[in-house]
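Asker: how would this look folded up:
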Amino acid sequence: MTTKEARYQNIAYEIAKRIVAKQINEGDKLRGRSVLAGEFEVSSETVRKAMRLLENLGVVEVVPRSGIYITSEQAAQLYVEQYRKQSESYRLFRDTLNLLEEAQKNQHLLETHIKKLLETSKNDVFPFEFFTYKLSETDANIGKSLKEIRFWNQTTGLVLAIEYDEQLYQAPNPTMPLEAGMILYVLGDETVKKKTLSLFKPE
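Answerer: Model (predicted):
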């Protein structure tokens, strides 16, 4: 927990840890709010919120005009354990969000690069031959998948991507049903192209 909203909780946790470590014992009086504020480099109000939290948990007792006294090491131990669990959950949640965001960025970048690569002219730097084929309603095997029609076995070509409804599906699922309007990006030479044409437009 590193957000500003949780700073007072962090201070309460640090004090609870000292109690558990017996650096401060039950019955001891804590240093004044202004001293703690200076130590943790926060405002007195933040320290006050931390003390109120510990008091609500039964860790300390705030005695008006006297000071703040430690009342329960056991309560401090419970708060330390609770804080650590919450902190671990928070970190896991934050890291998961970061990974998801990074995955989305990488996915978009990968799609963009593949599309640019596939649009590269054969006479440019792309070292392999490829072609595109747009499926029509009159083509054979519409409704079937690449796996069902044994595309690789029939053509020895590799479908790198399928473009459909302005979306590019790289390394497409071989069980995806083929539909009219789909554009197949196929890695292969003229022989593969002829076999692909024969597969969808048999004589």
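Asker: The top strand by length along the chain: partners in the sheet, and parallel or antiparallel?
Answerer: Using DSSP state E to define each element, the chain has its longest strand at strand 158-164. On the basis of DSSP bridges, the sheet neighbours of strand 158-164 come out as strand 167-170 (antiparallel), strand 183-187 (antiparallel).
Asker: May I see the ones you listed arranged in JSON lines, with mean pLDDT as well?
Answerer: Formatted as JSON lines, the strands paired with strand 158-164 follow (pLDDT from 0 to 100):
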{"stretch": "strand 167-170", "mean pLDDT": "80"}
{"stretch": "strand 183-187", "mean pLDDT": "90"}
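Asker: Mind putting these into CSV with distance to residue 129 and mean neighbour count?
Answerer: Bear in mind the C-beta positions are built from the backbone N, C-alpha and C, glycine included. Converted to CSV, the strands paired with strand 158-164 look like this (distance: least, CB to CB, whole Å; neighbours: other CB atoms under 10 Å):
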stretch, distance to residue 129, mean neighbour count
strand 167-170, 18, 15
strand 183-187, 8, 20
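Asker: Take these and write them to JSON lines, including distance to residue 71.
Answerer: Shown next, in JSON lines, are the strands paired with strand 158-164 (distance: least, CB to CB, whole Å):
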{"stretch": "strand 167-170", "distance to residue 71": "62"}
{"stretch": "strand 183-187", "distance to residue 71": "71"}
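Asker: For the longest helix that the chain contains, give the mean pLDDT please.
Answerer: Longest helix of the chain, by residue count under DSSP state H: helix 73-119. The average pLDDT within helix 73-119 is 78.
Asker: Would you enumerate the residues in contact with residue 141?
Answerer: Counting by CB atoms under 8 Å, 6 or more residues apart in numbering, residue 141 makes contact with 148-149, 178, 199-200.
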